[in-house]
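Undergrad: Structure of the sequence below:
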Amino acid sequence: ITEPVISAHLEEVFSAEGVQAADGVTAGIARMARGGMRDALSIADRLISLAGQELGLEDLERLSSTRGGDAIALLEHTLAGDGPALLAALPSVEGSEAELTDELLACARACLLLAHCGPGTPLVDTSGEIRERMAALGASLGPARAEVWLEELLLCRERIHGLSVQGRSILESTLLMLAR
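TA: As a prediction, the model looks like this:
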């Protein structure tokens, strides 16, 4: 399901439920759901539990950080080769490794697109400081290394789905390997 369809449905649901959402909130939820309407509704439910009936973009950012931490910061620590910092930046509560890996994949993909297409590309749907950090990360990585990171994170996600009990170890070992 496309992000605009998910976003429009969420706007209808929020209207029916009396939830006020700032501009960009439903689009952000749709982006996080990656094509899954049920995922979008689940994310919306968690967001309402976190923030109440008035939702802002800052609430969506808080929800993202409670789901898995700052993916960009993790990738920045990885690029710097700072194993202790990247391990410390992982969420303290285990069990969200699949979601965090998806966030890392989205971030790595954005870095790859920025590295290949340049910082002005319309293919990356972020702005401001986040886009600048992604562009800097993509430029530092370069297209070839960004592709390797994306491939390794895709393999990590598959391993986590197959061995979810070992998700934390799989994610840690992948990030530490990329940090070399």
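Undergrad: For the residue nearest to the spatial centre of the chain, report the pLDDT, please.
TA: Nearest to the mean C-alpha position of the chain, by C-alpha atoms, centre = their mean, lies Glu103 at 2.5 Å. Glu103 is assigned 84 on the pLDDT scale.
Undergrad: what's the spacing between the closest residue to Gly56 other than its chain neighbours and Ser7?
TA: Once flanking residues are discounted, Gly56 sits nearest to Ala22: 4.6 Å by C-beta to C-beta, 6 or more residues apart in numbering. The C-beta positions use only the backbone N, C-alpha and C, and glycine is treated the same way. From Ala22 across to Ser7, the span is 13 Å (C-beta to C-beta, to the nearest Å).
Undergrad: Look at these two and report which has more neighbours.
TA: Shown here are Ala22 and Ser7; by other C-beta atoms under 10 Å, Ser7 has more neighbours (20 against 14).
Undergrad: so what's the more buried one up against?
TA: Residues counted as contacts of Ser7 (C-beta atoms under 8 Å, 6 or more residues apart in numbering) are 26-27, 29-30.
Undergrad: The chain: helices as residue ranges?
TA: 3-17, 25-33, 37-51, 57-68, 71-79, 83-89, 97-117, 128-162, 167-178 (DSSP state H).
Undergrad: pull the CA atoms of the first one into PDB?
TA: As requested, C-alpha coordinates have been extracted for helix 3-17 and formatted as PDB (Å, rounded to 0.1, in the frame of the first residue of the first chain):
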ATOM      1  CA  GLU A   3       2.300   6.000   1.700                       C
ATOM      2  CA  PRO A   4      -0.300   8.500   0.500                       C
ATOM      3  CA  VAL A   5      -3.100   5.900   0.800                       C
ATOM      4  CA  ILE A   6      -2.000   5.000   4.300                       C
ATOM      5  CA  SER A   7      -1.600   8.700   5.300                       C
ATOM      6  CA  ALA A   8      -5.100   9.500   4.000                       C
ATOM      7  CA  HIS A   9      -6.700   6.500   5.900                       C
ATOM      8  CA  LEU A  10      -4.900   7.600   9.100                       C
ATOM      9  CA  GLU A  11      -6.300  11.100   8.600                       C
ATOM     10  CA  GLU A  12      -9.800   9.600   8.400                       C
ATOM     11  CA  VAL A  13      -9.300   7.500  11.500                       C
ATOM     12  CA  PHE A  14      -7.800  10.400  13.400                       C
ATOM     13  CA  SER A  15     -10.800  12.600  12.400                       C
ATOM     14  CA  ALA A  16     -13.300  10.000  13.500                       C
ATOM     15  CA  GLU A  17     -11.500   9.500  16.800                       C
END
